[in-house]
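Visitor: Kindly return the folded structure for what I paste below:
(4 chains)
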2 protein chains.
Amino acid sequence: MPRQAKAKVTPIWRKEARADHIYRVAAEIMCRKGYEATSMNDIADAVGLTKAGMYHYIQGKEHLLFEIMSFAMDMVDENVIAPTRDIEDPEERLRALVQHHAGRILEVGGEVTILLEEMWALTPAHRRIIRGRKREYFEMVRQTLQQLAAVEKLRQVDPSVATFSLFGMINWISRWYRRDGKIPKEVVLKDFVELAVCSVLKTPSVSSGKKYRALS
Amino acid sequence: MPRQAKAKVTPIWRKEARADHIYRVAAEIMCRKGYEATSMNDIADAVGLTKAGMYHYIQGKEHLLFEIMSFAMDMVDENVIAPTRDIEDPEERLRALVQHHAGRILEVGGEVTILLEEMWALTPAHRRIIRGRKREYFEMVRQTLQQLAAVEKLRQVDPSVATFSLFGMINWISRWYRRDGKIPKEVVLKDFVELAVCSVLKTPSVSSGKKYRALS
DNA sequence: GTCGTAAGCTACCGGGTGGTCGGTTTCCCT
DNA sequence: AGGGAAACCGACCACCCGGTAGCTTACGAC
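Guide: From the prediction side, this is the model:
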């Protein structure tokens, strides 16, 4: 039990921290095999406990999924919505939204994004909560596009359809991007900002170049 | 048994046709609840047979999924690849690809597209087959983008990344589009062609207007 | 040292899974 | 009328699921 060595140094193994570890392992497995195809024994084995032992830290399978999804939405709130909410210029805001969201997926890994689609596995109450948080995010992006439409910068497309399109492009990343693949994540990020912004804007101004300048 | 009435008219109820019906029903249920969450009893009930009776027409659950996925890829081959393969101008071809693919999803329903993602549920042999067919399609789109890059029409983005982006936008449609919703499919289709083409092309020429003219 | 608590395990539960077997019904053909 | 095949079903199988009860162990506080 190598973990015990660390336990000696930090005598109190926070129960919550251990639960966090279980969440992380569970997220990885569930993402790889799907929620239903993942058994509690799979998770217990991966985490080094028996199923019964694991139940001292968690409440149940569905609750596990709910916690993971909530964590995913927390990440969106903190790392995507919060840093972009106060950007005044809607074009600038859109660019930042894409950059932060895609950047998160590329860096943290898409596990969490993929699990966000297993909505039907949640209890109705939990499903309502997650759906509400998703809708909130969706509305923010949609309103950004509507602002752009108001100043004639948006292409002649339905703002909702355009928003769905943006989410499609970005969420799909987690289905194909491999961090050990040959495309570096900086390239993907730069390209995605360009693809996303250009797909919806008539005449995007040149990137303000805060982080990425045009290559040529 | 209302089906019997029809059987009287067409005395030979082709076994294959009955199997087809089962595939269709299974696709609808599996898409709604997910492959693993769908039991053979669910399907049997929906199709009006007992589980044992159903096994006279099908070979097993995994094979059912494989057949559905193969059918989906047949549809792509017939209705997307075949009618666009011989278009010479790559920009025209790209436009047609998006139009046909998105059009199919909007009209047939996305069941089949969503099921195409449950790759991990297949046996390795079946998985290899489906993956091969997917890759073939992917390569066709990618080469179209590469041709566009060769004539300086593609934006400064990696063609593979751009291809993934296109697939993301389009495949995502089946996750949000409701045929009984308020956005008519013609609008979605028109918008998607514009969004997709404009996302990857520097200066898309005005649509040749074969089917859809600019609205204003 | 010993006691209380938390951690963790073995053994088990009821129920549902994909799948099969043997038999019965139904229908068409002659 | 009756024979043969295809259609269909009730009962069952072995197995695995999520989850729990109750016991044992390990450890820190005093």
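
Visitor: What's the separation between the residue sitting nearest the centre point of chain A and A:M75?
Guide: With distances taken as Cα atoms, centre = their mean, the residue of chain A nearest its centroid is A:T113 (4.3 Å). For A:T113, the distance to A:M75 equals 10 Å [Cβ to Cβ, to the nearest Å]. For glycine as for every other residue, the C-beta is placed from the backbone atoms N, C-alpha and C.

Visitor: And for A:Q156, the neighbour number?
Guide: By other Cβ atoms under 10 Å in any protein chain shown, the residues close to A:Q156 number 12.

Visitor: Which positions in chain A make contact with DNA strand C?
Guide: A:13, A:15, A:18, A:49-53, A:56 (Cβ under 7 Å from any atom of the strand).

Visitor: pLDDT for the residues you listed - can I get that in TSV?
Guide: Formatted as TSV, those follow (pLDDT from 0 to 100):
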residue	pLDDT
A:W13	54
A:K15	73
A:R18	87
A:L49	94
A:T50	95
A:K51	96
A:A52	95
A:G53	95
A:H56	94
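
Visitor: Quick check on these: which are buried?
Guide: A:18, A:49 (16 or more other Cβ atoms under 10 Å in any protein chain shown).

Visitor: ok, the residues of chain A next to DNA strand C vs chain B, which is closest?
Guide: Set against chain B, the nearest of these by Cβ to the nearest Cβ is A:K51 (18.7 Å).

Visitor: doesn't A:M40 make contact with the closest one?
Guide: Yes. Between A:K51 and A:M40 there is a contact under Cβ atoms under 8 Å: 5.0 Å.

Visitor: rewinding a little: redo the residues of chain A next to DNA strand C as CSV? Include secondary structure and distance to DNA strand D.
Guide: Shown next, in CSV, are the residues of chain A next to DNA strand C (DSSP: H, G, I helix; E, B strand; the rest coil; distance: Cβ to the nearest atom of the strand, whole Å):
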residue, secondary structure, distance to DNA strand D
A:W13, coil, 9
A:K15, helix, 13
A:R18, helix, 14
A:L49, coil, 11
A:T50, coil, 8
A:K51, helix, 5
A:A52, helix, 3
A:G53, helix, 8
A:H56, coil, 8
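
Visitor: Check the residues of chain A next to DNA strand C and tell me the two furthest apart.
Guide: Spatial extent of the residues of chain A next to DNA strand C (Cβ to Cβ) is set by the pair A:W13 and A:K51 at 19.9 Å.

Visitor: Tell me the secondary structure at the residue nearest to the centre of chain A.
Guide: Following DSSP: H, G, I helix; E, B strand; the rest coil, A:T113 is assigned to helix.

Visitor: And it, how far from A:A72?
Guide: 7 Å.

Visitor: who touches the residue nearest to the centre of chain A in this structure?
Guide: A:72, A:105, A:171, A:173-174 (Cβ atoms under 8 Å, 6 or more residues apart in numbering or on different chains).

Visitor: Could you check what's spatially nearest to it, not counting adjacent residues?
Guide: Computed as Cβ to Cβ, 6 or more residues apart in numbering or on different chains, the closest residue to A:T113 that is not its neighbour in sequence is A:S174, at 4.3 Å.

Visitor: Quickly find the element holding that neighbour.
Guide: Per DSSP states H and E: A:S174 is located in helix A:159-176.

Visitor: Kindly provide the whole-number mean pLDDT of that helix.
Guide: Taken as a whole, helix A:159-176 has a mean pLDDT of 97.

Visitor: packing partners for that helix?
Guide: The contact analysis (3 or more Cβ pairs under 8 Å, 6 or more residues apart in numbering or on different chains; DSSP states H and E) places helix A:159-176 against helix A:90-108, helix A:111-115, helix A:124-150, helix A:185-200, helix B:159-176, helix B:185-200.

Visitor: Noted, bye for now.
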